[in-house]
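Enquirer: I would like to see how this sequence folds:
(chains A and B)
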Amino acid sequence: MLISQNELKKHGIDLSIKELEDKLIQLGHEVEGVTSYKNDKLVVGLIVAVQAHENSDHLNVCQVDIGHGEVVQIVCGAPNVEQGQFVIVALVGCILPGDFKIKKSKIRGESSFGMICAISELGLDENLLIKEDSANIYVFSTPQTPGDNALELINLFDNVLDLSLTANRGDCLSYVGIVRDLRGLLDIKKEIGDFDIITDKHASITVVNNDDKTAFLSVMEINNIFVKDSSIKMRIFLAKHGIKSQNNIVDIANYVMLQTGVPVHTYDAKKISGNLEVDTLSHQEEFIGLDEKTYNLQPGNLVVKDTDKTISIACVLGSNETKVTSETVDIILEIGVFDPIKVRKSANILGNKTAASIRGEKNIDQMACFSAYELFISLIRQENNDVIIHDIVLSNELEIHSNLIKLDVNEVFLVLGIKLEISEIKKILDNLHFDLIEENENILTYLVPSWRFDIFNDHDLIEEVVRVYSMENISVQDVLVNFNLKNKIINNKKVNIERDLEQVVLNLGLNQVTTYSLISEDELLMGNGDITKAIKLMMPLSNLRSYYRQSMISSLLDVAKYNFDRQAKQVNIFEIGNIYTLVNKEVIEEYKIAGILGGIKEDFYTNKVTNYDFYDAKGVVEEILDNYKIKYSIIPTSNISKQINPFVHADVVVDNKVIGFIGLKHVNYYKKIKQQVFMFELNLSMIEDKLIRKITYEKVSTNPSVTRDLTFLCPKNQNYLELIEIFHKIKYLDTYQIKDIYIGENIIDGMQAITFSMVFTANEVTLTGVLVDESVEKIIKQAIEKGYEFNKE
Amino acid sequence: MKKFEEIREQFKLKINNVNNHQSLKELKVEFFGKKGLITGLMSEMKNIEDKKSYGQAINDLKCELMAQYNIVEQEINEVLLNEQLKKDAIDVTLPGRKNKPAKQNILLKTAREIEMIFIEMGYEIAIGPEVETDFYNFEALNLDKNHPARDMQDTFYINEHLLLRTHTSGIQSRTLQANANKDLKIICPGKVYRRDDDDATHSHQFMQIEGLVVINKKQNISASMRELKTTLSIFANKIFAGEDLEVRFRQSFFPFTEPSVEVDITCSRCKGSGCNFCKQTGFIEVLGAGVIHKNVLKIAGYDEDEYVGFAFGIGVERIALLKHNIDDIRHLYINDERFNKQF
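Expert: Numbers count the residues shown, from 1 in each chain, chains lettered A, B, ... in the order given. Down below sits the predicted model:
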C-alpha cells in the first residue's frame, strides 16, 4: 500500500522519512521502498511574452519570469501556451524523472533556458492521469508567485512509502488505520468522534442481502450531481496512490476508500432498475466491467444485482453499463461488507485484483462504513452544494463483534522474556484503543476495538504490546544458559544413515548433488517407474515436472548431460533422496542412493587416462555395503530394463532380495549422452536395519603378512562367484584383489588369465612358508576341481 | 731420502690427475696399499741404521700425503654427491599435481552447516514426509480451509488431501502431536515445494530447516522471544562467521506463530549503506520466526496454557545465496561441475 508523507502530516503525524520508516517497521508494517517526487528546481514561472518560433509551425518562444527578478527565454511546443499563464518551469540543472537533465540548449536556432512542464512530466505514472495532463502544459488557475516551488503548490513535494502490510492487518489498508497505529506508538491517541451524517430526503430504494457470509449491503442515492474532471490536487493525490483519475465522482469514492479503507462504489442511478440485492451466481455469466473488458463469471461468484441484471462483481468491479459518466446526474452510492473469501475468489478467478478487492478480501470495520458515508457527503457537498442526499438504506441490522480478552501480566514475561510494568502494558493497549473493562490483580480484561479482526487471545495482546514496546528492545543474552533438554526423544535413525552414508560416498570420491524431485511421465516410465502407484500432481506447472520420481537415475543423467555438453571430461556423482508411491491410497516413502560414473577417469599421479567402467560403479557399491559389513552378492540379472545394456547389468542382492542394480546405460536410453555411463541405485529402506556401522576392534598380527600372486586361466564371462567362494574358505587368506586380467598372445581365444594378489595373515601362529604353501595348494586343488586352469607361472 | 722426494713428486703428479673414484682408489692402492710405495719404504728399514728417524720420516710422509689424499677424496665425493643430486633436478615452477576432492553440492553443504550449529545448541533432528496431508501441512498449523496459502495456485496438490509439503512445518505438527505435553527441541530439515515458476529468485523446490522449542512453563528454562532472539543471533553470527553484521528483528505475521518476527541481517553487498539489492534498506531478510501460536499447540494435543515455545524457519537457499554471493537460485540445482567445484 502506498502512503504519502504529506498526507500523514495532515493527519498529525509529522515525522522525517527515516523516522517514519523506523516507526512503521517497528509496528510490523514493512517499508518496501520510498518514492520521492521532491524537486527544488521546479518553480512557478509567469509567461510574460509569447512569440511564434520563426523556423517552426508549432513552437513558441516564451519569455518567462522565474522569480527573483529573473526572466529567461524558453522554447515551448505545448499547444496551450499563452501569455500571462502561471506555469511550472524546470530550471536549467533540473533533473526530471527518468534521469532527464534540463540543459541550456538551442532549438532550431533559438536559445532555451529550461522547460515548461506538463503534469505527466513530474514522475507520476502517465496512465493514471487524464489526457490533458500529458497533452498540455499545466497552468495554475490562480495567480502565483514566480520562483516559488511549484510542486508544493500542487501537493507533489512529497515522499510516498510503499508498505507491505501483513495479511492480518486489513484494518491498516487506509490512512485511518495507519495513523491510528502510529498515534498509538507515538503516544498521541485521538478519541474517535461520533458520526455526523445529515441527509435531505427519505430513501425510495430497498436492498436485500442473500448471502449469509455477507455482513450487509447499503446504498445512498444522491441527486443533482455534476460530473467533471477532478481538481489537480485530487488527480495528483490519486496518482501518487496508484489509482487512475476518472471523474470527480468516482475519484471522491476512491479518495474515501484510501482514507477510510472502505470500498465505495458509485452507479449511475438512471441505469439501475428496481431494488438492489447481493447474491451468489448460480450459473456462468458474461460481464462487461467498467474497464470495458469482458469477464466470464462463474457459479459461486458474489455479485450485486438490480431487478434485471448484474451491476457489479461484489467489491471487485462495477459494470460498464451502470458506471458514472459525464451524462450522469443522479448516483447510487454502494457500501457493503461482503464475504471476504468470496471477494478474494472472484478477484482471483478474474485475474483482476482491484484496489477495492484488496480491501474487500479482508474483514472491513462496519463502523468505518459510516465514516465513509460522512466523508463522501462532505466532499460531494464541496463539489456542488445543491446535491440532494437520500437516507442510507441498509439490507439488515449490523452486528458489531465485541470480543473480551483476559491478559495475565505474568504471561507477558513468559512470552517475551522481559519484565514490563503493568502500567506500561496498560498504557500501550489504551493507546491502541483496547478498552480496559476489568482489572483484577494481574488479570486485565480488554474489549477489542471493532476494526481489529486479528485479536483472539492473550498472545495477540502481547503482540500488540511488543509492537509498541519494540522488538529491538528485547535484549539478546550473551549465551543461552540452561537451555538443554535432558531426554533425547527423537528417532533419527534415517537422518543418521543419510548423513553417515553421504560422507562414506564422498570419501570414495563421488560428488554429491541435489536435483529436482519432480520428473515427466516419460522419465518415470523409461526409468521403470510404476505409473499405477505414481504420485502425480493435479496441477503441475509443466508436464516436464508432473510426477514425483521413483528413481534418481534420470535426474542424475540430466546432470551428466548438462556437464558433458559443457566439455566436462568426467561425471561422477551421487544423490541420496526420498521416493514416494501411492499404494491403496497410502503414501509409501522409501529412500535410495543412486550414482553415475562416466567419461574419462584421470589418474593424476601416473598421468594414465582410462574410461570409467563397470567395475568402478561396482566398486562403489561394494565399498558402501562393506562399510556396514553387509553380506551381499552381485549377480547377473534376469530383469530387463530399458535403461540398461542387458549384457552389463547386475542385481545387488541382500538376504535373497534385490535391493538395487549396477549397469551400463543402454545406448537407446538418454541417447543424447554419447559417453558410456555406468549407473547404480540401491534402495536404502530395504537394508535400513543393516545400515549401522559398529566397529569392533579385530586383533592385528604383529608378524608381517605374506603375499602370493596366483593366475587362473578361465573362460571370459565366467561367473567368478565360485572362485571367490573358494577363497572365503581358505584359513589364512586375509584379502585378495585382481592384479591383472590378460587377454591376447599365448591365451586361447575366449579365455583370459586373471592374476590375483593374495595376502595371507595369521593372528595366532607365526605364518611360515609351509602354512602359506598349504593354503595355496588348497586353492589350486579346489579351483581345478571346479574346472579352472591354473597357470604355474 | 732421495726416494722420499721421488715418491712425493710422483704422488703430486698423480693426485693432480685423479678425477674420479676409480683413479682415487688406484692412487690409494699404489701409495698406501699393502704393496704400495710407502709400505715399500718400510721394507728398506732393515738396511737403515737410524731406524727411529727413518720410521718417523716415513710416517711424516704418509701423513703428509694422506692429508692431501683426504682433501682430494672429499672433493671427489662432493662432486659425485652433487652429480647424484643433480639427476633429480626438476623445474620447480611447473604447477603441482592436484588431487580432485569430491564436492558436496553447496546447498547440501550449507544445510549440514546449519544443522551442526543447532545440534551444538542441543537440538535434535526430526524429519517427515515430503508428500504430506493437508492436515499436517496447513490445518494443524492454524491455516484454515480458506487461507490463501491453500489455493491450488500456490501448492502442488496430489489429491484433495495430499500435497507436496510447502514447508517443513508438517514435521513440527507431527512431532508435536506424537509427543504431546513433552518438552521438545528439534530442527526439521527437508525439501519443500511451492507452485512458483523457476527464476533467479524463485524455485518450485527448495530446502528449509525449521526449528521448534516447546517447554513447560513450570520448568526452570524458558523459551520466550528473548531466547528466540538470542538463538537466532547466535545462528546468524555463526553461519555468516567473519562478517561484521547486525541482526535486526522486525515484527511480522505468520499464522502459526504469535508474536511473529522476521529477521534481517546487514546487506552483504553494501554493508548496510543501502543498494539496489537490499532496496536501499541496508538489510536483507533471512528468516521468519515467532512464539508458537496457542492454536498450534492446542491442535497437537498440548495444554496450550501450560506450554510455551518458539519456532523459526530458515530457507537454506537464501543462506547459501547470501553467504556466497550467488546470483541465481537455479545454480544450486543444475550441478554444473564448474559451479559445484568452487565450494
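Enquirer: residues contacting the residue in the stretch 401-550 of chain A that chain B sits nearest to?
Expert: The nearest approach of the stretch 401-550 of chain A to chain B comes at residue A:417, 2.6 Å away (C-beta to the nearest C-beta). Quick note: C-beta positions are derived from backbone N, CA and C, even for glycine. Counting by C-beta atoms under 8 Å, 6 or more residues apart in numbering or on different chains, residue A:417 touches A:474, B:222, B:224-227.
Enquirer: any bit of stretch A:313-333 sitting next to chain B?
Expert: No. Stretch A:313-333 lies out of reach of chain B by C-beta under 8 Å from any C-beta of the partner chain, never closer than 15.6 Å.
Enquirer: buried sites along that stretch?
Expert: By 16 or more other C-beta atoms under 10 Å in any protein chain shown, the buried positions in stretch A:313-333 come out as A:313-319, A:322-324, A:328, A:330-333.
Enquirer: quick one: residue B:201 and residue B:330 touch, right?
Expert: No. Counting by C-beta atoms under 8 Å, residue B:201 does not reach residue B:330; the two are 9.8 Å apart.
Enquirer: pLDDT weak spots in the chain?
Expert: Let's take chain A. Chain A contains residues with pLDDT under 70 at A:352, A:479, A:481-483, A:487, A:603-606, A:717-719, A:791-793.
Enquirer: Oops, wrong one, chain B.
Expert: Where chain B drops to pLDDT under 70, the residues are B:1.
Enquirer: Which residue ranges of it form strands?
Expert: Listed in chain order, the strands of chain B (DSSP state E) span B:124-125, B:131-133, B:162-164, B:184-193, B:205-216, B:247-254, B:257-266, B:283-292, B:307-315.
Enquirer: Return the distance of the spatially most distant residue from the centre of chain B relative to chain A.
Expert: Most distant from the centre of chain B: residue B:49, at 87.1 Å, with distances by C-alpha atoms, centre = their mean. Distance, residue B:49 to chain A, using C-beta to the nearest C-beta, to the nearest Å: 68 Å.
Enquirer: cool, residue B:141 as well?
Expert: Distance of residue B:141 to chain A, given as C-beta to the nearest C-beta: 14 Å.
Enquirer: Once you drop chain neighbours, what's closest to that residue?
Expert: Among residues not flanking residue B:141 along the chain, residue B:256 sits closest, at 4.3 Å (C-beta to C-beta, 6 or more residues apart in numbering or on different chains).
Enquirer: Residue A:505 - that's part of a strand, no?
Expert: No. Counting by DSSP: H, G, I helix; E, B strand; the rest coil, residue A:505 is located in no strand; its state is helix.
Enquirer: element containing the nearest residue to residue A:249 once chain neighbours are set aside, please.
Expert: Closest residue to residue A:249 apart from its sequence neighbours, by C-beta to C-beta, 6+ apart: residue A:324 at 4.9 Å. Using DSSP states H and E, residue A:324 sits in no helix or strand.
Enquirer: Torsion angles phi and psi at residue A:324?
Expert: Main-chain torsions, residue A:324, degrees, to the nearest 10: phi -80, psi 130.
Enquirer: ok, it touching residue A:266?
Expert: Yes. Look at residue A:324 against residue A:266 with C-beta under 8 Å: they come within range, at 5.1 Å.
Enquirer: Mind listing the shared neighbours of the two?
Expert: Common neighbours of residue A:324 and residue A:266, using C-beta under 8 Å, 6+ apart, are A:249-250, A:331.
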